[in-house]
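[1] here's a sequence, model it:
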Amino acid sequence: MNGCRKGLCVIWVVWVVGFLGGCAGPFRSRKPLPMVRPDVLVYQIQDHASHLLTFQGRAWVTVVSPLGSFRGSMRVSAKAPDSLWMKVEGPLGIDMMTGRFAGERVLLYSPLENVAYEGSIQQLRERDVLPIDMGSSDLVLGMVGLLIPDDEILGLLTSFTSDSRKYVFDLGGEEQIWVEPRGPVVTRWEKRDGNGEILWVWEGKEFKEKRGVRLPRMIRITEYNPKQRVTLFFEVVKTNHPIKDGWCQIRIPEGVETIELEY
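    Modelled structure (predicted):
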């Protein structure tokens, strides 16, 4: 009996030491983040993002909405400063959509609808095609998880605070941005209406650094009216590798209807 008790005590002590020493970060004392001016932090976020020259990734896509659920995969290639190609496939590899963003121009091709849509990013915003319209100065980088706050947010800033982990921009109580100092990178962007109700939340999680750039492995966008959620989980991420010529071409078969997006 005494031997069992001693064994249990040893196990208990090892578990407690391991828990407090390795897994229990909240129990450690954390020093406050160093003070930094908000304009300097915005510049540092922009400077960090500028190190991403090319991006290639493969992700699982999950969509949950009032209309139903979808799970598929997505391939993404991007080249700074403003070019991105993406392809979404459904179950059994069914081709759902291929898209290209080049500057302000957008081309979306849906084999299932046998339709191609052409227009501008602004036209997509006008039609509410984009899931959320964040004040990010670079939509392409935002799609791969690097949100860059516009300099204009500094004029809307009502408070700038920090704790032991994150800096927080508060834009009049209706918009808040959380920034992790490593990078630095935006990890959460939240928008509320005038009554304080949440409209949407963007989240980046499980950040990892590759070739000097910290990127999230998981991106989640949640809208609340109606509630719907899009989650990307990147299994493969390559940064700053050469991309072959013709990487962003979209081959559209003859006879496909092309619709020009209008305001």
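
[2] helix or strand right after whatever helix or strand Met218 lives in?
    Counting by DSSP states H and E, the secondary-structure element that holds Met218 is strand 213-224. Towards the C-terminus, the helix or strand next in line after strand 213-224, according to DSSP H and E, is strand 227-239.

[3] the stretch 101-250 of the chain: helices as residue ranges?
    Listed in chain order, the helices of the stretch 101-250 of the chain (DSSP state H, counting those that start in this stretch) span residues 121-126, 139-143, 153-156.

[4] average pLDDT across the shortest one?
    By that I understand helix 153-156. The predicted model assigns helix 153-156 a mean pLDDT of 90.

[5] residues contacting Asn240?
    Each residue near Asn240 by CB atoms under 8 Å, 6 or more residues apart in numbering is listed here: 51-54, 210-213. Heads up, the C-betas are built off the backbone N, CA and C, glycines and all.

[6] same thing but at 10 Å, please
    With contacts defined as CB atoms under 10 Å, 6 or more residues apart in numbering, Asn240 is in contact with 51-56, 80, 210-213.

[7] quick check: pLDDT value at it.
    The per-residue confidence score, pLDDT, reads 94 for Asn240.

[8] next one: Gly246
    Model confidence at Gly246, given as pLDDT, is 88.

[9] over to Leu124?
    69.

[10] and Val63, by the same measure?
    Looking at Val63, its pLDDT reads 93.

[11] and what of Glu254?
    The predicted local confidence for Glu254 comes out at a pLDDT of 89.

[12] quick one, phi/psi of the most centrally placed residue in the chain?
    Closest to where the C-alpha atoms of the chain average out (CA atoms, centre = their mean) is Gly145, at 3.3 Å. The phi/psi pair for Gly145 (degrees, to the nearest 10) reads phi 110, psi 10.

[13] ok, the residue nearest to it when sequence neighbours are not counted - contacts?
    Sequence neighbours aside, Pro216 is the residue nearest to Gly145 in space, at 4.2 Å (criterion: CB to CB, 6 or more residues apart in numbering). For Pro216, the residues meeting the contact criterion (CB under 10 Å, 6+ apart) are 144-147, 185-187, 203-208, 232-234, 237.

[14] many thanks, have a good one.
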